[in-house]
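# After the sequence you'll find the predicted model.
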Amino acid sequence: MKKTLLMMAAALTAWSASAQLYVTGASVKVGDQTQSWDAATALKCAEEGDYYTFQANGEFSMSTVLADWDDGWKTGTYTLNGGWTTTSTSATASLQRVDGNIPAAKAGEYVSYKVKKDLSTIEASFSSEEVKTNFRIHGQILNGSTWETAEMVEKNGKWEYEGDVVAGEFGIKECDPTGGQLVWIGGAATITEANKAYSFVEGSNSTNSLAGTYTIVYDPANQTITFKGEGGPGPEPHPVDTPDHLYVVGAIAGCVWNPATTPELTKAENVFSISDVELTGEANFSFLTSNGEDAWNALRYGAATDSQELEFVDNEATISLVSRTGDVGAIVAAPGKYDMTVTFTTEGVTLKVVKAGEVVVVEDLVLSGDFNSWAVNDRAFLMTRNGSTYTYSMDAIEANTMFKVKTAEDEWTTSWGAEGDPSWTEAQPVAVTPNVAMNAWPGSGCNFLVENALTNVTITFVKSDDASVASTLTVQGQSAIETVEAAAAEAPAQYYNLQGIRVLAPEAGQLYIVNRAGKVSKEIAR
């Protein structure tokens, strides 16, 4: 047992010695390479004997795992076990396997670090010169939109910024003389009162709810933040970027997914609105900023995920919109009439949809395909309905005929096509097997294909009202060969005497040669 434990310890020591160490931080160097706060592209430390080596200006993070922050980096991080033990030109500390950042052994300059390969200790060496750091405020509170930085002025050991602020997130940066960030200081309680000191520690962002003209005072010794003053009128609201035009496009009555004829919303500053939008069929839609030839290439807005369904509470639904590329980010409702309001703010874009009325769901279905030049509403091909089952019969259908089932409307609002192969990158026709049911889905671009000519055809469509369950389509009919065989089987038998002469009226009890449906035999007439 003792031998086994010694072997395990030796293996663990060998593994630790062979592990790689990676570093990222405010500003880190390994040889000629530099990097800043990105775990996924962290620098691999150099190796010198029993040590890993690198340089860093400001705080940093070390890990044995090269991965993004939440994808593995944190599972291999090491931090100080206690604090630095420093002299005028060096510092040492013990390490422990805990997630977190390591503070600079000396702020304001590049420090050379050596980490023992067993990850037990870290050593630092630096100059004896005093480096004076400064503090700057950084956040949304300076303009209400983007994150910006403003310098603070030192007064009696405290640092001040005087000016207009708005509500938003912020923090304090400790910087080197060039303005490079060394430490991020945040994590204060939400600031709701002026002239009150709030504890301010290293960590995540702080939040301010005040607006107006204030003197912001940061006290490094006590790590507190105070907004001094009465507020005043504050800055003018930051202008919100909005498009010049906004159009709703989708399964809209009279202009299904047609940018050229789709309705435009009315703009009032940062708010766009429209009433009585009639959604039909699949009732999906999104928003365009152009209705010209470049409509699909111009900026557009939709749901964060494609085909996102609206959830209504008291006839209202609200979702966030995002700018889209690739798919349209379709938003899905039920057929009906809706009032829509799109609001642009510094925090994002929101859509409010209010139910304005019901629409009549089209229950009649027609066939559209090669046999009627893909007419959108050919009543000659209206299917007979019995509950959820629809049928249509025709004398014959030619080989290589393609078709779909659709609602009996004067546009392609809702249609059903065949179920394609998930690996296909574009829609393709799917061959039907006569007399075998196959899946049919609304919106599918795959046509049904009858490869061989059929006669006595009946097409049966069973419509599913559950969006997660496929409808089915069956094509029943006879092939040309089956038709010839059936005709032969129905032809009357031919009788011949034993000399091979045809007999039109065979006598009962006599022996004849009989040709019945192509099969020849000797039979006694009855």
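Nice, thanks for sending it over. Numbering: from 1, shown residues only.

# Poorly predicted segments of the stretch 301-450 of the chain, please.
Low-confidence segments of the stretch 301-450 of the chain (pLDDT under 70): 325-327, 358-361.

# and the chain, what are its domains?
11-125, 134-231, 247-357, 365-482, 491-524 (automatic domain parsing).

# Specify the stretch among those domains that is closest to residue 241.
Closest to residue 241 of the domains of the chain, according to Cβ to Cβ: domain 247-357, at 7.1 Å. Backbone N, C-alpha and C define where each C-beta goes, glycine included.

# Now do the SS call for the nearest residue to residue 305 once chain neighbours are set aside.
Once flanking residues are discounted, residue 305 sits nearest to residue 329: 7.4 Å by Cβ to Cβ, 6 or more residues apart in numbering. Following DSSP: H, G, I helix; E, B strand; the rest coil, residue 329 is assigned to coil.

# Got phi/psi on residue 329?
phi 60, psi 50 (degrees, to the nearest 10).

# Pretty sure it sits against residue 288.
No. Using Cβ atoms under 8 Å, residue 329 is not in contact with residue 288; the gap is 11.4 Å.

# Could you check which of the two has the larger neighbour count?
More crowded of residue 329 and residue 288, by other Cβ atoms under 10 Å: residue 288, with 25 against 21.

# mind listing the helices for the stretch 401-526 of the chain?
With DSSP state H, counting those that start in this stretch as the criterion, the stretch 401-526 of the chain has helices at 480-490.

# ok, now the stretch 1-150 of the chain?
Using DSSP H, counting those that start in this stretch, helices in the stretch 1-150 of the chain cover 2-18.

# Tell me, how many residues neighbour residue 387?
Using other Cβ under 10 Å, residue 387 is surrounded by 7 other residues.

# Likewise for residue 512?
The number of residues near residue 512, taken as other Cβ under 10 Å, comes to 19.

# again with residue 156
Neighbours of residue 156 under the rule other Cβ under 10 Å: 5.

# How about residue 146?
Residue 146 has 10 neighbours, counted by other Cβ under 10 Å.

# what about it, distance to residue 59?
Look at residue 146 and residue 59: by Cβ to Cβ, to the nearest Å, they are 25 Å apart.

# quick one: residue 223 and residue 320, what's the gap?
Distance, residue 223 to residue 320, by Cβ to Cβ: 36 Å.

# scratch that, residue 336
For residue 336, the distance to residue 320 - Cβ to Cβ - is 22 Å.

# now do residue 177
According to Cβ to Cβ, residue 177 stands 42 Å off from residue 320.

# Could you list the low-pLDDT ranges of the protein?
In the chain, residues with pLDDT under 70: 1-18, 145, 187-189, 201-204, 232-239, 325-327, 358-361, 467, 480-491, 517-518.

# Please identify which helix or strand holds the residue most central in space within it.
For the chain, the residue nearest the mean C-alpha position is residue 305 (4.3 Å; Cα atoms, centre = their mean). If you go by DSSP states H and E, residue 305 is not part of any helix or strand.

# and what of residue 185?
Using DSSP H and E, the element containing residue 185 is strand 181-186.

# How about residues contacting that strand?
Contact with strand 181-186 is made by 26, 57-59, 103-104, 107-108, 133, 170-176, 200-206, 223, as judged by Cβ atoms under 8 Å, 6 or more residues apart in numbering.

# Which one's more surrounded, residue 223 and residue 320?
Set side by side, residue 223 and residue 320 show more neighbours around residue 223, with 17 against 12, by other Cβ under 10 Å.

# ok, now how distant is that one from residue 186?
As judged by Cβ to Cβ, residue 223 and residue 186 stand 11 Å apart.

# Likewise for residue 244?
38 Å.

# Tell me if I'm right that residue 104 and residue 58 touch.
Yes. Using Cβ under 8 Å, residue 104 makes contact with residue 58 at a distance of 5.3 Å.

# How about residue 225, nearest residue that isn't a chain neighbour?
Once flanking residues are discounted, residue 225 sits nearest to residue 200: 4.4 Å by Cβ to Cβ, 6+ apart.

# Any chance of the domains of the chain in TSV with distance to residue 240 as columns?
Formatted as TSV, those follow (distance: least, Cβ to Cβ, whole Å):
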stretch	distance to residue 240
domain 11-125	30
domain 134-231	8
domain 247-357	5
domain 365-482	35
domain 491-524	83
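
# State the distance from the nearest residue to residue 98 once chain neighbours are set aside to residue 97.
Excluding its sequence neighbours, the residue lying closest to residue 98 (Cβ to Cβ, 6+ apart) is residue 79, at 4.9 Å. As for residue 79, its distance to residue 97 is 8 Å (criterion: Cβ to Cβ).

# what do you get for residue 90?
Here residue 90 is placed at a distance of 24 Å from residue 97 (Cβ to Cβ).

# Tell me which of the two has more neighbours.
residue 90 (17 against 12).

# What residues does the more buried one make contact with?
Residue 90 is in contact with 123-126, counting by Cβ under 8 Å, 6+ apart.

# what ranges do the strands span in the stretch 51-200 of the chain?
For the stretch 51-200 of the chain, the strands defined by DSSP state E, counting those that start in this stretch occupy 51-56, 60-63, 77-80, 85-86, 90-96, 111-116, 121-125, 134-139, 148-151, 153-155, 158-165, 168-175, 181-186, 197-199.

# picking up where we left off before, okay, residue 244 and residue 186: which has more neighbours?
More crowded of residue 244 and residue 186, by other Cβ under 10 Å: residue 186, with 20 against 7.

# hey, what's the closest residue in space to that one that isn't next to it in sequence bridged with?
For residue 186, ignoring the flanking residues on the chain, the nearest one in space by Cβ to Cβ, 6+ apart is residue 171 at 3.7 Å. Going by DSSP bridges, residue 171 is paired in beta bridges with residue 138.

# cool, the one 10 residues further on as well?
The residues paired with residue 181 through beta bridges, assigned by DSSP bridges, are residue 175.

# Please look at residue 323 and residue 303 and confirm they touch.
No. Applying Cβ under 8 Å, one finds residue 323 not in contact with residue 303, separated by 11.6 Å.

# Determine which member of those two has the greater number of neighbouring residues.
Between residue 323 and residue 303, counting by other Cβ under 10 Å, residue 303 is the more crowded of the two (24 against 13).

# show me what contacts the more buried one?
Residue 303 sits in contact with 286, 319, 321-322, 329-331, where contact means Cβ under 8 Å, 6+ apart.

# on that earlier part again, quick check: angle from the strand holding residue 185 to strand 168-175?
Inter-element angle recorded for strand 181-186 and strand 168-175: 150 degrees (by axes from the mean of the first three to the mean of the last three Cα atoms, to 10 degrees).

# Begin at 45, not 1, for the rest of this chat.
Done: numbering now begins at 45, and the last item shifts to strand 225-230.

# just to revisit the earlier point, any of the contacts of strand 225-230 buried? List them.
The neighbour-count test (16 or more other Cβ atoms under 10 Å) marks 70, 101-103, 147-148, 151-152, 177, 214-220, 244, 246, 249-250, 267 as buried among the contacts of strand 225-230.

# mind checking how far the residue nearest to residue 83 when sequence neighbours are not counted is from residue 495?
Excluding the flanking residues, the one nearest residue 83 by Cβ to Cβ, 6+ apart is residue 117, at 4.0 Å. Going from residue 117 to residue 495 by Cβ to Cβ gives 56 Å.

# So the two - more neighbours on which side?
Higher neighbour count among residue 117 and residue 495: residue 117, with 22 against 13, using other Cβ under 10 Å.

# Test my guess that that one contacts residue 85.
No. Using Cβ under 8 Å, residue 117 makes no contact with residue 85, being 11.1 Å away.

# Of all the strands of the stretch 95-244 of the chain, which one is nearest residue 480?
For residue 480, the closest of those is strand 104-107, at 58.0 Å, according to Cβ to Cβ.
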